[in-house]
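*Asks:* Got a predicted structure here, sequence first:
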Amino acid sequence: MVNGTTGEGLALSIQERKQLAEEWVRQGKDKLDHVIIHVGALSLPGSQELARHAAAIGASGIAVIAPFFFKPTSKDELLAFLREVASEAPAIPFYYYHIPPLTGVKIRVEELLDGIKEQIPTFQGVKFSDTDLLDLAQCINKNGREEFVFLYGVDEQLLSALAIGANGAVGSTYNYLGQKTNMMLQAFAQHDLALARKYQFLTGEFLNFVIKLGFGVAQTKAVMTFVSGIPMGPPRLPLVKASEEFIAKAKAKLDSIVWPTN
Ligand SMILES: CC(=O)N[C@@H]([C@@H](O)[C@H](O)[C@H](O)CO)[C@@H](O)CC(=O)C(=O)O
């Protein structure tokens, strides 16, 4: 998922977003199963332009957040916006990116799903970045024929979402705890709930620690940098880069975690 929250998509110019999308599609060829481009923007024409571009460069799907300055106030208003974006990329799957902590748009997804396929024939699922597991459960319950996928985005609660029936995950910590999360997914698939919980609790322990220090996209980038060795660069204003103190404490905490050996 390119140009989402961790990638600071909303802080980039349209041209920068296009450049990044092109590069990911190029680099991901024959390596990645999916390259989904987030094309949400505050203006409908901006979002439509990015949707057309994503389709033209061969992205495997597009995702869109709710616009968050002039906000939709009802399911119908939100759906109308999403429909106008999706129709610009009619041959590739469309995902709604639900992230109310950042957009402030709290329209429940289970409501949005009613009749969505008629309005957006390419609708494929939801990237669900909210802690409201009742809403997620209702979505999954409604999706009896398993037409749609629900990709969960609150990493510290992924195991709970899996238990409810989420199909996968998109989140920031997978950039540096991806292997550990895969171990959790494997344990869950093998019905080893005790082991799956251990992984979830340890991810939670790290996040609980850094959240108390102040944790957002800037800090995520700093963690990604010290774990991978790949310099992620500073965030763009108004975000400011993580302090050296944060980096030292986060690194010490991550290094201190003893992961299960199975
Ligand atoms: C609000 C926020 O940033 N949420 C993150 C989570 O991965 C979050 O960082 C994590 O659960 C820690 O709270 C993701 O949902 C964002 C994400 O997947 C993205 O980069 O698009």
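*Replies:* Great, that's in hand.
*Asks:* so where do the helices sit in this protein?
*Replies:* 14-28, 44-56, 75-86, 100-103, 109-112, 116-119, 133-142, 158-164, 174-189, 193-213, 217-228, 244-256 (DSSP state H).
*Asks:* What residue in the stretch 1-150 of the chain comes nearest to the ligand?
*Replies:* residue 4 (2.6 Å; C-beta to the nearest ligand atom). For every residue, glycine as well, the C-beta is placed using N, CA and C.
*Asks:* show me the contacts for that residue.
*Replies:* 38, 63, 97, 127, 170 (C-beta atoms under 8 Å, 6 or more residues apart in numbering).
*Asks:* near the ligand, which residues of the stretch 101-250 of the chain?
*Replies:* Residues of the stretch 101-250 of the chain found near the ligand (C-beta under 6 Å from any ligand atom) are 101, 102, 129, 153, 154, 155, 156, 170, 171, 172, 173, 207.
*Asks:* So the fifth one sits against residue 127, correct?
*Replies:* Right, residue 154. No - Residue 154 is beyond contact range of residue 127, at 11.0 Å (criterion: C-beta atoms under 8 Å).
*Asks:* Show me which of these two is the more surrounded one.
*Replies:* Taking other C-beta atoms under 10 Å, residue 154 and residue 127 do not tie; residue 127 has more neighbours (26 against 20).
*Asks:* In the sheet, which residues pair with that one? Tell me.
*Replies:* Residue 127 has these beta-bridge partners by DSSP bridges: residue 97, residue 151.
*Asks:* For residue 231, give its distance to residue 225.
*Replies:* 6 Å (C-beta to C-beta, to the nearest Å).
*Asks:* Residue ranges of each domain in the protein, please.
*Replies:* If you go by automatic domain parsing, the domain ranges for the chain are 1-171, 188-262.
*Asks:* Let me know which of those domains is tucked in deepest.
*Replies:* When those are scored by mean count of other C-beta atoms under 10 Å, the highest mean neighbour count falls to domain 1-171 (a mean of 18).
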